[in-house]
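1. fold the stuff below for me.
(chains A and B)
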Amino acid sequence: MPSKLAISYQHVTKSFGSLKAVDDVSLEVAEGELLAIVGGSGSGKTTLLRLANRLIEADGGTITVEGEDVRNVDPVALRRRIGYVFQSGGLFPHLSVADNIGITPKLLGEPAAAIAGRVDELLELVQLDRAAHRDRLPEALSGGQRQRVGVARALAAKPRIVLMDEPFGALDPLTRDALGEDFRNLHRKLGLTSVMITHDMTEAILLADRIAVMRGGRLLAQGTPAELSTSSDAYVLELLRTPRRQVERLNALLPQSGAA
Amino acid sequence: MSLFSDPRWADALSHLPDYLGNHVRVSLAALALGLIVSLPLAVLTRNRPGPRGILLALASIVQTVPGLALLALFYPLLLLAASVTLAWFGISFSAFGFLPAMLALALYSMLPVLRNGITGLNGIDPALIEAAKGVGMTARQSLAMVELPLALPVMMAGIRTAAVWVIGTATLSTPIGQTSLGNYIFAGLQTQNWVFVLFGCVASALLALAVDQLLGLIESGLRRRSRLRTGLGAVGIAALVAATLVPTMGRSPQGYVVGAKTFAEQYVLSALMRDRLQAAGLSATARSGLGSSVIFEALKAGDIDLYVDYSGTLWANQLHRTDIKPRAELVAELKTALAKNNITLLGELGFENAYALVMPKKRAEALGIRTIADLAAHASTLSIAGDYEFFSRPEWAALQKAYGLQFRAQRQMQPDFMYAAVASGEVDVIAGYTSDGLIAKYDLAALDDPKHAIPPYDAILLLAPKRVGDERLKAALSPLLGKIDIATMREANLRASGNDANSSPDAVAKWLWGKVDKR
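-> From the prediction side, this is the model:
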């Protein structure tokens, strides 16, 4: 395992009524790592993610972020220093692209001129044309553009950790692929620690350093794609079968020396 | 003569600064109070279904109370509150006019503001509230930066509805002593002055429309983040308030306030008394259209200085007596009783405005009916109509008992239409009022009451406690005492019910003084 821990879960549990959403999960995310949490709906993956910035409070166990127990940190301050990308953007419809991106620095009390400069920088970083998008309302953007703004907003306060809840789930395959690649590059370039939720194992294998598999609130397995393939768990193997089948189909259907 | 050369338009216009100004002040104050109370309640209860349900249910119940009743209810409530604060803290306040009107209207404005506020806040996509939390907003920041801006269009729609309701309902605050555009409507309906009715309705509709549009401007300004629009809307509302304050600021203190109930005879008599006070060099204004239950309390509290009431009304409503005494004896006893409250019964004007059974003169002669006793023999084949309260009043029970009256049918009618109905044979007998001018107009006869079953209703002049030793006031009014006989009052009332320029209460009061002065 590489160097320091960015996030650590130790025997964490969370129930909603009689439903155990997260059941005794222990998981560690190293600094600079890109971890994907994979699982079906109701597997507890979103709950697990939100426990890290206290959008949801744990019932039991310990969660630390950069070495600090999150229970000892003011939740609002915690959220301001952790970037969060919401499913399908979560952009505020009444605010312009620039105001959406600049919201966390504004909450932190940064001067307006500094925020404006930072917004331009971020638009460039997520490859959106500054002049064309800056003053638009979210409703005037395409799905991919909205998600790029969502990523820019998460990065605005220069967090070292970014949490992403199915960030590319609702996009068409081409946009999704491009955005995934772009994010991976950003992650490297900025030296981020990123945790990404996805229900798509192919996406997880292509983007993540390590993968954690959740089912029914329990962590079934974790490791690099290669480590996972040696798992004895039937569900994990079932998840890995889909990308394999896709590779075989693609190899059979596409000429080996194609431009793609 | 064209419609607009009618001098009543000019008359109506001359009252506009006063009526409109008061109307704007009471409605905007009520709306502001309603908002100050309702908006925080909407915010506080948006995530609490229990209190929210109770609050909305209460506001809905208030809404089902007719506006007139709600306004009237606040008067006794405030009187009670005023007497409590006087006893406990030594502070008293006027329960008359502005305060009860504003409180009742504020209550009335709450439902649309609450309902739309709660609907608007609850209608926000929960993912956005989650996102607000996720980017690091505190609950208060989330409310101010995300929830309220997103709920704004729905909330503003509620505020605009409330504004229109309040401005419309404020016309009903006239009977509890708050001058409003309703003064035109109440006076116009009672004296058949349709110019006034029309004027009052159009003026309040235009006011409602203007305020609605200004609020709309503020709303679109807030939504589009346009300071210009928001500013223009706010300046518009402020200008409206300022414009209505100017005429009142330059006005001298009111002096004597002459009260009048909500019917034509009262409008004429209050104008007559006001003219007499002014002729004696005393400054005086008339406060018209006061509810029958409000006016006596207003006199007692000193909100008005004088008015004309009827002996039988006070006998039943204030002394709670059900026995019937001869005219002079009843007035004498009333005088003593009122004096205990420091209210001066200055004297009788000379006529009675009592209930009387009335039928066409020719028909009565043909049937040989002169008295109610004669009528009793024919009653089983005849129908009778009365106003909305007559059949539940003690007089009717007393009449039935004394004469054994048993009619074929009984109906309730708007008083103005009863006389025409009996004249045309629609009904056979009506319970009319002895001083009504229509008795003369339709050639009707009021039947005698030999058994004195109907109590006397002498018109009596009352003075407020604070005027108990005011000799100038008494001297100015004394020429009226005992000078107005029933025939003269009937003719005055008949004139006032006309629909032309000579039928305004002021004009009729002048005619009446001409008659009285010669005596």
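2. mind listing what's buried in stretch B:340-358?
-> B:343-358 (16 or more other CB atoms under 10 Å in any protein chain shown). (Glycine included, C-beta is placed from N, CA and C.)
3. out of those, list just those in strands.
-> Those of the buried residues of stretch B:340-358 mapping onto strands are B:344-352, B:355-358, per DSSP state E.
4. tell me the contacts of residue B:318?
-> Residue B:318 makes contact with B:296, B:337-338, according to CB atoms under 8 Å, 6 or more residues apart in numbering or on different chains.
5. would you map the strands across the stretch 151-300 of chain B?
-> B:256-259, B:284-287 (DSSP state E, counting those that start in this stretch).
6. CSV for the ones you listed, including mean pLDDT and distance to residue B:459?
-> Converted to CSV, these look like this (pLDDT from 0 to 100; distance: least, CB to CB, whole Å):
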stretch, mean pLDDT, distance to residue B:459
strand B:256-259, 92, 14
strand B:284-287, 86, 17
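7. and these: which comes nearest chain A?
-> Among the strands of the stretch 151-300 of chain B, strand B:284-287 comes nearest to chain A, with 49.8 Å by CB to the nearest CB.
8. partner strands of that closest one and their direction?
-> Counting by DSSP bridges, the strands paired with strand B:284-287 are strand B:256-259 (parallel).
9. and the buried residues of stretch B:340-358 near chain A, which?
-> Filtering the buried residues of stretch B:340-358 for proximity to chain A (criterion: CB under 8 Å from any CB of the partner chain) leaves nothing.
10. tell me the contacts of the spatially most central residue of chain B?
-> The centroid of chain B falls nearest to residue B:175 when counting by CA atoms, centre = their mean (1.8 Å). Residue B:175 is in contact with B:68, B:71-72, B:186, B:262, B:289-291, B:294, counting by CB under 8 Å, 6+ apart.
11. closest one to chain A out of those, please.
-> residue B:71 (39.6 Å).
12. without its sequence neighbours, what residue ends up closest to that closest one?
-> Among residues not flanking residue B:71 along the chain, residue B:104 sits closest, at 4.6 Å (CB to CB, 6 or more residues apart in numbering or on different chains).
13. who touches the one you found in this structure?
-> Counting by CB under 8 Å, 6+ apart, residue B:104 has contacts B:30, B:70-71, B:73-74, B:173.
14. neighbour-wise, which one of those residues leads?
-> Most neighbours among these, by other CB atoms under 10 Å in any protein chain shown: residue B:173, with 32 neighbours.
15. correct me if wrong: it contacts residue B:185.
-> No. Here residue B:173 lies out of contact with residue B:185, judged by CB atoms under 8 Å, at a distance of 11.4 Å.
16. need the three-state assignment for the spatially most central residue of chain A.
-> Nearest to the mean C-alpha position of chain A, by CA atoms, centre = their mean, lies residue A:164 at 2.2 Å. At residue A:164 the chain is in strand, as set by DSSP: H, G, I helix; E, B strand; the rest coil.
17. so what pLDDT did it get?
-> The confidence metric pLDDT takes the value 94 at residue A:164.
18. and for residue A:227, the neighbour number?
-> Around residue A:227 there are 12 other residues, counting by other CB under 10 Å.
19. which one of the contacts of residue B:175 is nearest to residue A:61?
-> residue B:71 (62.2 Å; CB to CB).
20. for that closest one, what are its contacts?
-> Residue B:71 is in contact with B:100-101, B:104-105, B:169, B:172-173, B:175-176, counting by CB under 8 Å, 6+ apart.
21. over to it. Which of the three states is it?
-> Assignment for residue B:71 (three-state DSSP): helix.
22. check residue A:43 too.
-> What three-state DSSP gives for residue A:43 is coil.
23. what's near enough to touch it?
-> Residue A:43 sits next to A:214-217 when contact means CB under 8 Å, 6+ apart.
24. buried subset of those residues as a ChimeraX selection?
-> Selection of buried members from the contacts of residue A:43 for ChimeraX, criterion 16+ other CB under 10 Å:
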select /A:214,215,217
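25. where along the stretch 101-250 of chain A do the strands fall?
-> So, for the stretch 101-250 of chain A - with DSSP E, counting those that start in this stretch - the strands run A:161-165, A:193-198, A:210-215, A:218-223.
26. can you tell me which of those is nearest to residue B:151?
-> strand A:161-165 (25.1 Å).
27. so the closest one, near chain B or not?
-> No. Strand A:161-165 lies out of reach of chain B by CB under 8 Å from any CB, never closer than 8.6 Å.
28. what's the angle from that strand to strand A:193-198?
-> 0 degrees (axes from the mean of the first three to the mean of the last three CA atoms, to 10 degrees).
29. how about the residues of the stretch 1-150 of chain B that lie near chain A?
-> B:127-128, B:130-138, B:141, B:145-146, B:149-150.
30. ok, and the most crowded of those residues?
-> Highest neighbour count within those, by other CB under 10 Å: residue B:135, with 26 neighbours.
31. give me the phi and psi angles of that residue.
-> Main-chain torsions, residue B:135, degrees, to the nearest 10: phi -80, psi 0.
32. just checking, residue B:430 is part of a helix?
-> No. Residue B:430 is assigned strand when assessed by three-state DSSP, not a helix.
33. tell me the pLDDT of it.
-> In this model, residue B:430 carries a pLDDT of 93.
34. just the pLDDT for the closest residue to residue B:212 other than its chain neighbours.
-> Once flanking residues are discounted, residue B:212 sits nearest to residue B:160: 5.2 Å by CB to CB, 6+ apart. For residue B:160, the pLDDT comes out at 94.
35. same check, this time on residue A:259
-> 51.
36. can you give me the distance of residue B:216 to residue B:209?
-> From residue B:216 over to residue B:209 the distance is 10 Å, taken as CB to CB, to the nearest Å.
37. with residue B:124 instead?
-> 31 Å.
38. of the two, who's got more company?
-> Ranked by neighbour count (other CB under 10 Å), residue B:124 and residue B:209 place residue B:124 first, with 19 against 12.
39. mind checking the SS state of the more buried one?
-> From three-state DSSP, the assignment for residue B:124 is coil.
40. which element is the closest residue to it other than its chain neighbours on?
-> Distances taken as CB to CB, 6+ apart put residue B:150 closest to residue B:124, at 5.0 Å, once the chain neighbours are dropped. Assessed by DSSP states H and E, residue B:150 sits inside helix B:148-169.
41. helices and strands around that helix, which ones?
-> helix B:7-45, helix B:98-122, helix B:194-223 (3 or more CB pairs under 8 Å, 6 or more residues apart in numbering or on different chains; DSSP states H and E).
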